[in-house]
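Asks: Got a sequence here, can you model it:
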Amino acid sequence: MFINRRTKAPHTTIMKVWTRLREKAGLPELRVHDLRHMYASFLVSAGRSLYDVQVILGHSHPVVTQRYAHLSTRAMQEAADTASARITSALGEEPKNAEREELKKAA
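Replies: The predicted model follows:
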């Protein structure tokens, strides 16, 4: 709850301030929901579990969280690199530099 400095009463809406901030930032179409979606995506990309994101966002069902939290391309590439490094190692081949790093992380 935020208190209006002038009236000392709680604010009932943020639209006036929100509109001013969006215009100042050059993002007139930005919605609060967009920020929430980005926040969830950043959490997942940083390695937080979908369960963590679900709890933080207050979702009652995991299905709702999956709509908001998209894995980053980087995270998916790292996961694929880890599998590639394991396969290369199992075949007895010399891993490439990137694969060698993934093996170190996985160990």
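Asks: Only C-alpha atoms from now on, for both contacts and neighbour counts.
Replies: Noted.
Asks: Return the distance of the longest helix anywhere in the chain from the chain's centre.
Replies: Determined from DSSP state H, the single longest helix within the chain is helix 73-90. Taking C-alpha atoms, centre = their mean, to the nearest Å, one finds the center of helix 73-90 at 21 Å from the center of the full chain.
Asks: again with stretch 31-47
Replies: Distance, centroid of stretch 31-47 to centroid of chain: 4 Å (C-alpha atoms, centre = their mean).
Asks: Can I get it as CSV, trimmed to CA atoms?
Replies: The C-alpha trace of stretch 31-47 is given here as CSV (Å, rounded to 0.1, in the frame of the first residue of the first chain):
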residue,chain,number,x,y,z
ARG,A,31,1.8,-2.9,-19.2
VAL,A,32,2.5,-4.0,-15.7
HIS,A,33,1.8,-7.5,-16.8
ASP,A,34,4.7,-7.2,-19.3
LEU,A,35,7.0,-6.4,-16.4
ARG,A,36,5.7,-9.4,-14.5
HIS,A,37,6.3,-11.7,-17.5
MET,A,38,9.8,-10.4,-18.0
TYR,A,39,10.5,-10.9,-14.3
ALA,A,40,9.5,-14.5,-14.5
SER,A,41,11.5,-15.0,-17.6
PHE,A,42,14.6,-13.5,-16.0
LEU,A,43,14.2,-15.8,-13.0
VAL,A,44,14.0,-18.9,-15.1
SER,A,45,16.9,-17.8,-17.3
ALA,A,46,19.0,-17.3,-14.2
GLY,A,47,18.4,-20.9,-13.3
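Asks: Would you mind pulling up the elements that the strand or helix carrying Y51 packs against?
Replies: If you go by DSSP states H and E, Y51 is part of helix 50-57. Contacts defined by 3 or more C-alpha pairs under 8 Å, 6 or more residues apart in numbering; DSSP states H and E place helix 50-57 against helix 32-45, helix 62-68.
Asks: Kindly reformat those as JSON lines and extend each row with mean pLDDT, distance to V55 and mean neighbour count.
Replies: As requested, those are exported to JSON lines (pLDDT from 0 to 100; distance: least, C-alpha to C-alpha, whole Å; neighbours: other C-alpha atoms under 10 Å):
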{"stretch": "helix 32-45", "mean pLDDT": "87", "distance to V55": "11", "mean neighbour count": "16"}
{"stretch": "helix 62-68", "mean pLDDT": "82", "distance to V55": "9", "mean neighbour count": "15"}
